[in-house]
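Peer 1: Kindly generate the corresponding structure for this input.
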Amino acid sequence: MKALGGSGWFFPPLFYSDMVPAMLESFPTFFDYQYPSKWFFALIPALTIGALGLPHLAMRVYTASSLKSARSAMVWYAFITGLVFSATYAMGFVGVYATETQGLVVSAGDADKLTMILNIVYNPEWVAALVIAGAIAAGVSTLSGNLLAIGALLSEDIITTLRPTLTQKGKVRLGYVAIFLGGIASILLAVNPPSFLVVSIFWAFGLAGVTIAPLVILGVWWKEANRYGAIAASVIGGIVYILLSPFVVPSLVLTDHHVTNEMGISGAMFAVPLSFIIMIVVSYVTNRMPKLKSRLTTDRDHALVERIHGWKDVQSYRYNSKIGPAVAVVVCFVVAVWALIPWNM
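Peer 2: Sure, this is the predicted structure:
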């Protein structure tokens, strides 16, 4: 932005207004909405909430040296992710600005390389090298986080459930095998990437927002959250989200816009609030069923919730509200109904 003459280059997400007149002169329709307003709201459940359920954050929390370190990791993660998301809009603006006003040529096949192209053209080589190194680091970080999550899922969740008597050494060995096989699969996919690979990234965000984020958020902020609510929310919400995919049941998609459908945005706008509703309602109901009480959350679980937030003593009233979950159910219901209404309205 500085190379292009923008005075707000020091904080791109907000301060590129002095570049707008030149943009409108060369591209008068740039700011015209190409999507319904609901599309922009739907980015919150599709991408923002989904980011809280990605393995990057989970691995950082799992490997934190203390609860205090895990809490600070969550805050920094959310802050930096917000900067990245907001800077994406500025990057798109500058890319179009450069092509429309500066004569920069970017072919349709290279549009996904816009970040690299802008840095190579307008920045010193060492800056472009940092950007490329950052992209590689991000890819390796994503891959390592996913492989660790696969290993933990198989050895600690699935196998432990099927064979509770398995030794710790056996679990670790199975985890290594899962990580190895996952790495082989990743290499084979990278050799000749399938066409759905880019789209699958967006679906990963949405699926994390449906199956993991409600468990993380409610599990930390509401003591009544239990395993039955978590299982029901993940399974039902995940199935609904997959069925709403145009790749599975095309007749069930919620909007006629193909980009919205393929990115899973409309499906996430319905399935994410549905998952929150299911977890809250199922947890609340099962907690009041005497036959299930012995299998539900214990005083030790409640103490852990308070320790996560930094409390040294345990008070039953903390994070045990009935009004908050009720309000969340109402809000989520409204959003889910809104997702079902035609998107061109």
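
Peer 1: Give me the pLDDT for the closest residue to residue 321 other than its chain neighbours.
Peer 2: Using C-beta to C-beta, 6 or more residues apart in numbering and skipping residues adjacent in sequence, the residue nearest residue 321 is residue 222, 7.5 Å away. Placement of C-beta: from N, CA and C, glycine included. According to the prediction, residue 222 has pLDDT 91.

Peer 1: Make sure residue 222 is actually in contact with residue 324.
Peer 2: Yes: here residue 222 reaches residue 324: they are 7.3 Å apart, a contact under C-beta atoms under 8 Å.

Peer 1: out of the two, which sits in the more crowded spot?
Peer 2: Legend: neighbour count by other C-beta atoms under 10 Å for residue 222 and residue 324, higher for residue 222 (22 against 13).

Peer 1: so how far is residue 276 from the more buried one?
Peer 2: 11 Å (C-beta to C-beta, to the nearest Å).

Peer 1: go on, residue 229?
Peer 2: With C-beta to C-beta as the criterion, residue 229 and residue 276 are 10 Å apart.

Peer 1: which neighbours do these two share?
Peer 2: Taking C-beta atoms under 8 Å, 6 or more residues apart in numbering as the criterion, residue 229 and residue 276 both touch residue 218.

Peer 1: the domain parsing of the protein - what is it?
Peer 2: 110-193, 196-345 (automatic domain parsing).

Peer 1: quick one: pLDDT of residue 113?
Peer 2: Residue 113 is given a pLDDT of 80.

Peer 1: again, but for the one 4 residues further on
Peer 2: The predicted local distance difference test score for residue 117 is 87.

Peer 1: Locate it within the secondary structure: which element?
Peer 2: Assigned by DSSP states H and E, residue 117 belongs to helix 114-122.

Peer 1: show me the residues around residue 93 that make contact.
Peer 2: Contacts of residue 93 by C-beta under 8 Å, 6+ apart are 16, 19, 23.

Peer 1: Tell me which of the domains of the chain sits most buried.
Peer 2: When you average the neighbours per residue for each of the domains of the chain (mean count of other C-beta atoms under 10 Å), domain 196-345 leads with a mean of 18.

Peer 1: Quick one: distance of it to the chain centre.
Peer 2: 13 Å (C-alpha atoms, centre = their mean, to the nearest Å).

Peer 1: One more: stretch 173-187?
Peer 2: On C-alpha atoms, centre = their mean, the centre of stretch 173-187 falls 23 Å from that of its chain.

Peer 1: could I have that stretch exported to PDB, CA atoms only?
Peer 2: What follows is stretch 173-187, C-alpha atoms only, in PDB (Å, rounded to 0.1, in the frame of the first residue of the first chain):
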ATOM      1  CA  ARG A 173       2.600 -46.600  19.400                       C
ATOM      2  CA  LEU A 174      -0.800 -46.400  17.700                       C
ATOM      3  CA  GLY A 175      -0.600 -42.600  17.800                       C
ATOM      4  CA  TYR A 176       2.700 -42.700  15.900                       C
ATOM      5  CA  VAL A 177       1.300 -45.200  13.300                       C
ATOM      6  CA  ALA A 178      -1.700 -42.800  12.700                       C
ATOM      7  CA  ILE A 179       0.600 -39.800  12.300                       C
ATOM      8  CA  PHE A 180       2.800 -41.800   9.900                       C
ATOM      9  CA  LEU A 181      -0.100 -42.900   7.800                       C
ATOM     10  CA  GLY A 182      -1.600 -39.400   7.800                       C
ATOM     11  CA  GLY A 183       1.700 -38.000   6.600                       C
ATOM     12  CA  ILE A 184       1.900 -40.500   3.700                       C
ATOM     13  CA  ALA A 185      -1.700 -39.600   2.700                       C
ATOM     14  CA  SER A 186      -0.800 -35.900   2.800                       C
ATOM     15  CA  ILE A 187       2.300 -36.400   0.600                       C
END
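
Peer 1: Let me see the mean pLDDT of that stretch.
Peer 2: Stretch 173-187 comes out at a mean pLDDT of 89.

Peer 1: Name the residues that touch that stretch?
Peer 2: Contacts of stretch 173-187 (C-beta under 8 Å, 6+ apart): 143, 146, 147, 148, 150, 151, 152, 153, 154, 155, 156, 159.
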